[in-house]
Each structure stands twice: as structure tokens, then as C-alpha cells.
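Q: only the shape, not the letters, is given here:
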């Protein structure tokens, strides 16, 4: 019998914001096929609002963390997967790995009425299981990510009101093509990070 990880969230606990084209739950992994032209973005630089990314959401309290793992086996422009935190149409965060200019990039889009985007190239992550961690504490959201069992790296610290009612969970989107299928392997809730920086020793 396979041991169930403590804090693991069942796939059927979440509710889809923008249901995907197809979902297959094999009892362990969740395979999600995104609709073509699905995306999440507000205004900045591009001048459009897209609110069609596929996010499987469950409540996230003011003090807590969520981790989502998935396989980085996609390679087309703007293919993306990771964690989505939703407060309202103009307030949300998405974080994960997106293919941009031919290279997988780890990063985040933080949106308060308008979106901003930060990325860093991670071509060495191709073909690996990626874990994105989103921790909420106080007035901040802290995002970390890693490939395999390597240490988490800090991706972003962003503001979020401690009174905001939020939901979070796995997401994917496919702005430029049909047929993107992402394999999610893990969805876990756990305690919030104790501090922004690792403790010495």
C-alpha cells in the first residue's frame, strides 16, 4: 500500500476556475489538458486582460503554505504550469515554470489591478519534477521553487493583505497552442515559512 503524504490535498477537493479541456485522475497524478489561448494577465505592456487560465483552487488561510509538483515535459512558447493564488479578478498571483523565448523560465506574475512578471532561465530543469511552494504569512506571499530534491530557491516576495480571503492550487495555461497536457504529481498544504531567509546552521 502506498503511504499517503501528510497534508496531501485530494485532487477532488479543489474547484476549477475555468475548467480545462480534459482532466484525468489516475488515483495518484492529475493530467490536465489546457485550452488553446488560455492565459492570465492584466494590462501591462500587452494591453489586454486574459482570465482564462485553468486553476484548481482550495482555500488558503492567512497563515499557511501550499506546494504543487508537476513534470516539466512541455516546450512550446508560453506553455506554463505551477501554483495560482486567487483573491479576485484584479488580485492574484501565478508562479511556476513558463517557456519563454525557447527556454523554461521559473518566475511569477503578481497582479494588483495590473500584472508584473519576473523570470529566470532554468533550462537544466527540463524533464524533471518541479515543486513550487507558496507560503502566506503576515502581509506577504513568499514563493520558492526547486527541481527534484535540490534546495528551494527564492523566486519572489509579494505583498498581500493579511485579511484577504484567498484560494490556491495547481494551474496551467497554453496561450499559443492547443494540446498542452501537464502532469501534476503532488498538491500539499503545510505550515507557513518561519522566516524569509534560512536560519544559520
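A: On my side now, so go ahead. Small disclaimer: the values here were computed from a predicted structure and weren't measured.

Q: and the pLDDT at residue 197?
A: If you check residue 197, the pLDDT there is 79.

Q: next, it: secondary structure please.
A: Recorded secondary structure, residue 197: coil (DSSP: H, G, I helix; E, B strand; the rest coil).

Q: and the residue nearest to the spatial centre of the chain, how far from residue 69?
A: The centre of the chain sits closest to residue 83, judged by CA atoms, centre = their mean, with a distance of 1.5 Å. Distance of residue 83 to residue 69, given as CB to CB, to the nearest Å: 10 Å. For glycine as for every other residue, the C-beta is placed from the backbone atoms N, C-alpha and C.

Q: so for these two, which residues contact both of them?
A: residue 132 (CB atoms under 8 Å, 6 or more residues apart in numbering).

Q: you'd agree residue 98 is in a strand?
A: Yes: counting by three-state DSSP, residue 98 is part of a strand.

Q: can you count the residues close to it?
A: 24 (other CB atoms under 10 Å).

Q: okay, and the beta partners of the residue lying closest to it once chain neighbours are set aside?
A: Using CB to CB, 6 or more residues apart in numbering and skipping residues adjacent in sequence, the residue nearest residue 98 is residue 80, 3.8 Å away. With DSSP bridges applied, residue 80 shows beta-bridge pairing to residue 98, residue 173.

Q: where's the residue nearest to the centre of the chain, which helix or strand?
A: strand 80-88 (DSSP states H and E).
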